[in-house]
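J.: heads up, no residue letters with this:
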Ligand SMILES: Nc1ncnc2c1ncn2[C@@H]1O[C@H](COP(=O)(O)OP(=O)(O)O)[C@@H](O)[C@H]1O
Ligand SMILES: Cc1ncc(COP(=O)(O)OP(=O)(O)O)c(N)n1
């Protein structure tokens, strides 16, 4: 007769303190540099437990998008429900949404779950076109983002092209970016970040313009000369979401995310023939050392700042 299995040598599993949780509602990038994959890698790098609702599959690599297969809106809603009903979340973000029906389904579920769980922060990255030129949002859905999603946003993070599409304003300079940020703020988000990756591209710094309806801020970092910029927008918005999940106030989350994306670009690996991804595992902590000491055990040596005691700002949902 077989003898009973020996008692486990270690203690029961599932008893560690729960980490902050963040959800991404976005498209899959098979190449791993943008979309859901970039978001989950960023959450992990920033010590946040990531969950996802996939809105679309893309057959994509560093050279471009070969094909797109949209997920039915009911299935997007079902993923959001399954996650939030059980796991909950401390913050969420949206990325590629594809169509009006998916935008409307996401906005409806965010409203529902904010009533159930409390008003968790939402970062809206209004993804429209991949760097390679492939459309990731159809024309009518732009109005749906303006109408249904921006009023729910704690932070909206358009790049130059997205800010132009959402406002109808042309952006050539930082002064133009400020005008667009003010126009976007009037559409309902609590905070607007007009990203500067494609604004004044000849300048020495990549400057993101920030507006909360009262005060102006700038996120400045050296502009890095590189082709490895695939997924920079996704990674930046995921980092903002992760820091919000950890309880950072909004401006601090934006500043920490800017430092994170700058390091991720600076330490990008040589992957693929086209625009390569940024680094998703560059060891990084605010105020931490630049690199992991040789021979240090995995996961050792870095502490995550306590997320208690910090104010949480959530997007004003307009009636
Ligand atoms: N070459 C670069 N060097 C440093 N920062 C950059 C560079 N390109 C983009 N960024 C920063 O990366 C973030 C994402 O911006 P952007 O590339 O404009 O977004 P998207 O990928 O949506 O077009 C912003 O903080 C921007 O300033
Ligand atoms: C599935 C998917 N979602 C989003 C994007 C766009 O990501 P972004 O960070 O704006 O990076 P680039 O496309 O500009 O490199 C994507 N490509 N795929």
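T.: Arrived safely, thanks for sending. From a predicted model like this one, the values you see are computed outputs, not experimental measurements. Ligands and ions are numbered 1, 2, ... in the order given.
J.: which bits of the stretch 151-300 of the chain sit near ligand 1?
T.: Applying Cβ under 6 Å from any ligand atom, we find that the stretch 151-300 of the chain lies next to ligand 1 at 159, 195-198, 206, 208, 221, 223-224, 226, 229, 232-233, 236, 258, 261-262, 265. Quick note: C-beta positions are derived from backbone N, CA and C, even for glycine.
J.: of these, buried ones?
T.: By neighbour count, with 16 or more other Cβ atoms under 10 Å, these hold 159, 195-197, 206, 208, 221, 223, 229, 232-233, 236, 258, 261-262, 265 as buried.
J.: Which of these fall within helices?
T.: Cross-referencing these against helices under DSSP state H gives 232, 233, 236, 258, 261, 262, 265.
J.: Setting aside sequence neighbours, what's the nearest residue to the fifth one?
T.: I take that to be residue 261. Among residues not flanking residue 261 along the chain, residue 236 sits closest, at 4.3 Å (Cβ to Cβ, 6 or more residues apart in numbering).
J.: where's the one you found relative to ligand 2, distance?
T.: Per Cβ to the nearest ligand atom, to the nearest Å, residue 236 is found 8 Å from ligand 2.
J.: Now for the residue of the stretch 51-200 of the chain found nearest ligand 1: which residues touch it?
T.: The nearest approach of the stretch 51-200 of the chain to ligand 1 comes at residue 197, 2.3 Å away (Cβ to the nearest ligand atom). Residues counted as contacts of residue 197 (Cβ atoms under 8 Å, 6 or more residues apart in numbering) are 159, 160, 206, 229, 232, 233.
J.: ok, it to residue 263 distance?
T.: Here the criterion is Cβ to Cβ, to the nearest Å. By it, residue 197 lies 15 Å from residue 263.
J.: pretty sure the residue nearest to residue 261 contacts residue 257?
T.: Yes - shown here, residue 236 and residue 257 form a contact pair, counting by Cβ atoms under 8 Å, at 5.7 Å.
J.: Go through the longest strand seen in the chain and flag the buried ones.
T.: Counting residues, the longest strand in the chain under DSSP state E turns out to be strand 49-60. Buried residues in strand 49-60, counted by 16+ other Cβ under 10 Å: 49, 50, 51, 52, 53, 54, 55, 56, 57, 58, 60.
J.: for the residues you listed, which one is nearest ligand 2?
T.: Nearest to ligand 2, judged by Cβ to the nearest ligand atom, of the buried residues of strand 49-60 is residue 58 at 4.7 Å.
J.: Touching, the closest one and residue 26? I think so.
T.: No - using Cβ under 8 Å, residue 58 makes no contact with residue 26, being 10.4 Å away.
J.: Identify the contacts common to those two.
T.: Here residue 58 and residue 26 have 35, 96 as joint contacts, going by Cβ under 8 Å, 6+ apart.
J.: on contacts alone, who are the packing partners of whatever helix or strand residue 244 lives in?
T.: Here residue 244, judged by DSSP states H and E, is contained in helix 232-245. Where contact means 3 or more Cβ pairs under 8 Å, 6 or more residues apart in numbering; DSSP states H and E, helix 232-245 is packed against strand 21-29, helix 35-45, strand 91-94, strand 122-124, strand 155-156, helix 250-266.
J.: So what touches the longest one?
T.: Read that as helix 250-266. Here helix 250-266 makes contact (Cβ under 8 Å, 6+ apart) with 42, 45-46, 121, 154-155, 190-191, 193, 206, 208, 210, 212, 217, 219, 221-222, 224, 226, 228-229, 232, 235-237, 239-240, 242-244, 248, 278-280, 282, 284, 286, 310, 313.
J.: Whichever of the residues you listed end up buried, select them in ChimeraX.
T.: Here is the ChimeraX command that picks out the buried ones among those, judged by 16+ other Cβ under 10 Å:
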select :42,45,46,121,154,155,190,191,193,206,208,210,212,219,221,228,229,232,235,236,237,239,240,242,243,244,248,278,279,280,282,284,313
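J.: that older thread, against which helices or strands is the longest strand of the chain packed?
T.: If contacts are counted by 3+ Cβ pairs under 8 Å, 6+ apart, strand 49-60 sits against strand 21-29, helix 35-45, strand 65-70, helix 73-86, helix 100-117.
J.: looking at these, which is buried most?
T.: Among those, the stretch with the highest mean neighbour count (mean count of other Cβ atoms under 10 Å) is strand 21-29, at a mean of 28.
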